[in-house]
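> return a 3D structure for these sequence lines:
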Amino acid sequence: MSASGHRRRRARLNVNGRYGTIQRVDRPSDNLLALSLYAPSNKCVLLLAINSGPVRVGLSVKRPKGRSADGVTTALRHHLVGLTVRDVHLGDKGSVRIALSRHRSTDRQTTTDSSMEGWLVAGQRPRGGYLILLDSHDRLKRCAIGRSAIRPHDRIGEAWSNTESWCPASPDELRIRGPRLLEQSEEATEHRAFRELRRDLKRHLKKLARKRKAISGDIQRADASGQWRHHADLILSNLHRIGDGTSPIEVTDWSTDPPALVPLVVDRRLGPQRQAEALYRRAKRAERGARIARPRRESVDEEIRLGLEILRDLDHALEENHSADNRPLAAQQIAQRANIFLDAQPQRQPRGKSEKKNPTRVPYREFNTAEGRILVGKSARDNDELIINYARPHDIWLHARGRQGAHVIVPMTRGTSCHPRLLADAAMLAAHFSRGSKDATMEVQYTERRYVRKKRRAPPGAVLLDREKVFTVRVSDSAVRRLLGSERRA
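Numbers count the residues shown, from 1 in each chain. Sure, this is the predicted structure:
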């Protein structure tokens, strides 16, 4: 097609579709829908705000930023991308409907056929806002947003009943509304980000308050260490009267003025001597913990003070009526402070996700003989890891036939055969690291690793063999000791 033909075709498409073809669908927030339109003459974004009250619609040259695509956005993209917005209609009850069409080429050169595809309708009901798709015969095709807002008798495939009267919206009027709608959307996005940040701050401050309470409890217990020591002193100074501690007695406490009688109760399971030692240990631990707990409480108090200060500034920024130029700057500064404060807190690792004490651990024991290396699995799970992650397809796999035991791997070079003495040593280790290792003889099966497969959901260590060879091994204590002495130590 010539360049002039392309220009004529673009001109006709721009006449048939007044607004443009939908190239992208976004939902920056729950109540805002953004349709990115393309037309040969310009690009624009059609905004639909489905808040409480009448649905607001406008055209903008800028696409609002917000959250990433969710399931609803993905479904809308599937249904809407590629359709052309022919017209926008406003209802007398605050609803908006958008006429959608699909362009189909009927001539390779210039002619096109524009067929009506359906409607995108947004409105309000007593239960909330809704966004639905209708086909060209006004039958309900899909409810994208607000399924609970539509009437119970409105079902997929049935006619959508609506008594509103519609009038076409002027594109110039929509362009006037668009910037204000975009500004309100950005403000709503900013407020939502502030609310989420405020929620995270309050949640973290609650955690700090619980932490401070726990530390204060440790300090209070440390303050009682003097009483525990004094109680232990009374027990030791009255051992001759306590006896076996089967009955409580009263002793004189000479540390008070005037002296007073104090009841002494001794735990029969421990006895007086061991109970006094336990009280001394308890007091010592509490005093040692108090020396650590007091600086920790001061650190937590400082964190709480800083967090409350940021939270107060955040509330002040939300309530204060900043100008359009100063408000984003203040918001960015406070958000940056809050994020730095939250990121500086140590994150607790989930249970079971802690780092391994020995990150270099391997799932096998390695034995070095004159003919080569032999690898023996350490446990059932290690057997699986050995054959799946370490063994190569051409390596030799061995196992005691019909018995529970270790998987043995003989690493091989591709295209070479296993030395008979190396195979016999590997079979000896397979027999030794198995149930029934005290038997004089044992059958050992072997094959290449490529013929060993792990069945799905099989227990650890259980495998299936596509082919195998079996031979009998006579277990020799001297050979086992020689092989065990060749183990490589970490």
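> quick one: low-confidence parts of the stretch 201-350 of the chain?
With pLDDT under 70 as the threshold, the stretch 201-350 of the chain has low-confidence stretches at 244-247, 318-332, 344-350.
> that one: strands as residue ranges?
Counting by DSSP state E, counting those that start in this stretch, one finds strands in the stretch 201-350 of the chain at the ranges 249-253, 260-264.
> could you export the ones you listed as CSV, including mean neighbour count?
Just so you know, the C-beta spots here come from the backbone N, C-alpha and C atoms, and that holds for glycine as well. Rendered in CSV, the data for the strands of the stretch 201-350 of the chain read as follows (neighbours: other CB atoms under 10 Å):
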stretch, mean neighbour count
strand 249-253, 14
strand 260-264, 13
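> closest to residue 58 out of those strands?
When those are compared for distance to residue 58 using CB to CB, the nearest one is strand 260-264, at 83.0 Å.
> what lies in contact with the closest one?
Residues external to strand 260-264 that are found in contact with it (CB atoms under 8 Å, 6 or more residues apart in numbering): 234-235, 238, 242, 248-253.
> likewise stretch 197-210?
Stretch 197-210 has contacts (CB under 8 Å, 6+ apart) with 300, 303-304, 307-308, 310-311, 314-315, 318, 335, 338-339, 341-342, 345.
> so how do I select the buried members of these in ChimeraX?
In ChimeraX syntax, the buried subset of those is picked out as below (16 or more other CB atoms under 10 Å):
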select :300,303,304,307,310,311,314,335,338,341,342
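> farthest-apart pair in the contacts of stretch 197-210, please.
300 and 318 (26.6 Å).
> spatially nearest residue to residue 301, not counting backbone neighbours?
With sequence-adjacent residues excluded and distances taken as CB to CB, 6 or more residues apart in numbering, residue 301 is closest to residue 212, at 6.9 Å.
> for that neighbour, give me its contacts.
Residue 212 makes contact with 297, 300-301, 304 under the criterion CB under 8 Å, 6+ apart.
> again, but for residue 91
Counting by CB under 8 Å, 6+ apart, the residues that residue 91 touches are 97, 123, 162, 164-166.
> how about the contacts made by the residue lying closest to residue 422 once chain neighbours are set aside?
Spatial nearest neighbour of residue 422, excluding adjacent residues (CB to CB, 6+ apart): residue 371 at 3.8 Å. Residue 371 makes contact with 419, 421-422, 425 under the criterion CB under 8 Å, 6+ apart.
> pretty sure residue 51 contacts residue 30?
No - between residue 51 and residue 30 no contact is recorded; they are 9.7 Å apart, counting by CB atoms under 8 Å.
> which parts of the protein are helices?
Ranges of helices within the chain are 3-16, 71-80, 171-223, 225-237, 239-242, 271-319, 326-343, 380-385, 420-432, 477-485, based on DSSP state H.
> give the buried residues for the last one.
Okay, so that is helix 477-485. Buried residues in helix 477-485, defined by neighbour count with 16+ other CB under 10 Å: 479-480, 483.
> what's around residue 433, how many residues?
When neighbours are defined as other CB atoms under 10 Å, residue 433 has 19 of them.
> excluding chain neighbours, what is closest to it?
Beyond its immediate neighbours in the sequence, the residue positioned closest to residue 433 (CB to CB, 6+ apart) is residue 406, lying 3.8 Å away.
> relative to residue 464, how far out is that neighbour?
As for residue 406, its distance to residue 464 is 18 Å (criterion: CB to CB, to the nearest Å).
> so what's residue 398 up against?
Shown here is residue 398, whose contacts under the criterion CB under 8 Å, 6+ apart are 407-410, 423, 426-427, 430, 444-446.
> of the residues you listed, which pair is most distant in space?
Across the contacts of residue 398 (CB to CB), the longest gap, 15.2 Å, separates 407 and 423.
> give me the more crowded residue out of those two.
Regarding residue 407 and residue 423, a neighbour count based on other CB under 10 Å identifies residue 407 as having more, with 27 against 20.
> low pLDDT regions in the stretch 351-490 of the chain?
Low-confidence regions of the stretch 351-490 of the chain, defined by pLDDT under 70, span residues 351-359, 437, 490.
> next, count neighbours for residue 382.
So residue 382, with other CB under 10 Å, has 21 neighbours.
> apart from its neighbours in sequence, what residue is nearest it?
The spatially closest residue to residue 382, leaving aside those adjacent along the chain, is residue 363, at 3.5 Å (CB to CB, 6+ apart).
> so what's the residue count around the one you found?
Residue crowding around residue 363 was assessed by other CB under 10 Å; the count is 20.
> go on, residue 219?
Around residue 219 there are 15 residues (other CB under 10 Å).
> any chance you could map the strands in the stretch 51-200 of the chain?
If DSSP E, counting those that start in this stretch is used as the criterion, the strands of the stretch 51-200 of the chain fall at 56-60, 84-91, 96-105, 112-125, 128-135, 140-145, 166-168.
> which residues does residue 135 contact?
Counting by CB under 8 Å, 6+ apart, residue 135 has contacts 117-118, 141.
> residue 123 and residue 57, how far apart?
When residue 123 is compared with residue 57 (using CB to CB), they lie 12 Å apart.
> okay, and the common contacts of these two?
residue 96.
> tell me the domain ranges of this structure?
When the chain is parsed into structural domains using automatic domain parsing, the resulting residue ranges are 3-169, 188-343, 364-485.
> now those as a markdown table including distance to residue 182?
Putting the domains of the chain into a markdown table (distance: least, CB to CB, whole Å) gives the following:
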| stretch | distance to residue 182 |
| --- | --- |
| domain 3-169 | 5 |
| domain 188-343 | 10 |
| domain 364-485 | 53 |
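> of those, which is nearest residue 175?
Proximity of these to residue 175 was assessed by CB to CB; the nearest stretch is domain 3-169, lying at 4.7 Å.
> of the contacts of stretch 197-210, closest to residue 134?
Once CB to CB is applied, the member of the contacts of stretch 197-210 that ends up nearest residue 134 is residue 318, at 39.9 Å.
> list the contacts for the closest residue to residue 241 other than its chain neighbours?
Closest residue to residue 241 apart from its sequence neighbours, by CB to CB, 6+ apart: residue 249 at 5.9 Å. Shown here is residue 249, whose contacts under the criterion CB under 8 Å, 6+ apart are 238, 241-242, 263-264.
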